[in-house]
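Engineer: A structural model of the following input is requested.
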Amino acid sequence: MKDYQFDEANKYSATLQKTSSSSIYNNPNFLMWRGKVLIYTGNEIAGKKHLTQAMQFDPDLKECQKYSKACRYSAEAKERAAEIFKAGNLPEAIAAFEECLAMDTLN
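Structural biologist: Down below sits the predicted model:
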């Protein structure tokens, strides 16, 4: 994912899910990675489900906890920025959206 090839990662992880044994469905690291890929390709609902599943299998998976928390903060910040934009305050909206980008440049 470091090369920002999220579409390829999405296809690869989907193929892994289809062709691998059922043990991959119980692998919290795979589920977390697949969740990130889904989020970065625009499928936030499915991505968040994968993150939730990963934490159910391993509640102490720190990277997943951290990323899930960052997703929540980012979503809240995007909502606030959108509200500012809808109110017609373009300079403040731009600043708010720039803060969102600073939280996660990939999302």
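Engineer: CA atoms for contacts and neighbours, from now on please.
Structural biologist: Will do.
Engineer: so, low pLDDT: which residues of the protein?
Structural biologist: Low-confidence segments of the chain, defined by pLDDT under 70: 1-4, 20-23, 107.
Engineer: quick check, central residue of this structure?
Structural biologist: The central residue of the chain, meaning the one whose C-alpha is nearest the mean C-alpha position (C-alpha atoms, centre = their mean), is I39 at 3.7 Å.
Engineer: I figured that one was touching K48, is that so?
Structural biologist: Yes. In terms of C-alpha atoms under 8 Å, I39 counts as a neighbour of K48; the distance is 7.4 Å.
Engineer: residue at max distance from the center of the protein?
Structural biologist: Of all residues in the chain (C-alpha atoms, centre = their mean), G88 lies farthest out, 28.5 Å.
Engineer: re the thing from before, got the contact list for the residue nearest to the centre of the chain?
Structural biologist: Residues near I39 by C-alpha atoms under 8 Å, 6 or more residues apart in numbering: I45, A46, G47, K48, N107.
Engineer: list the contacts of stretch 59-73.
Structural biologist: Residues from elsewhere that reach stretch 59-73 (C-alpha under 8 Å, 6+ apart): P28, M32, K48, L51, A54, M55, M103.
Engineer: okay, those in TSV with secondary structure and neighbour count next?
Structural biologist: Below are the contacts of stretch 59-73 laid out as TSV (DSSP: H, G, I helix; E, B strand; the rest coil; neighbours: other C-alpha atoms under 10 Å):
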residue	secondary structure	neighbour count
P28	helix	22
M32	helix	26
K48	helix	21
L51	helix	24
A54	helix	26
M55	helix	21
M103	helix	15
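Engineer: ok, so of those, who is nearest D7?
Structural biologist: Out of these, the one with the shortest distance to D7 is M32. That distance is 16.4 Å, counting by C-alpha to C-alpha.
Engineer: for the longest helix along the chain, which positions count as buried?
Structural biologist: Within the chain, and with DSSP state H defining each element, the longest helix by residue count is helix 62-86. If you call a residue buried by 16 or more other C-alpha atoms under 10 Å, then helix 62-86 has these buried ones: 64-65, 67-68, 71, 74, 77-78, 80-82, 84-85.
Engineer: good, we can wrap up now.
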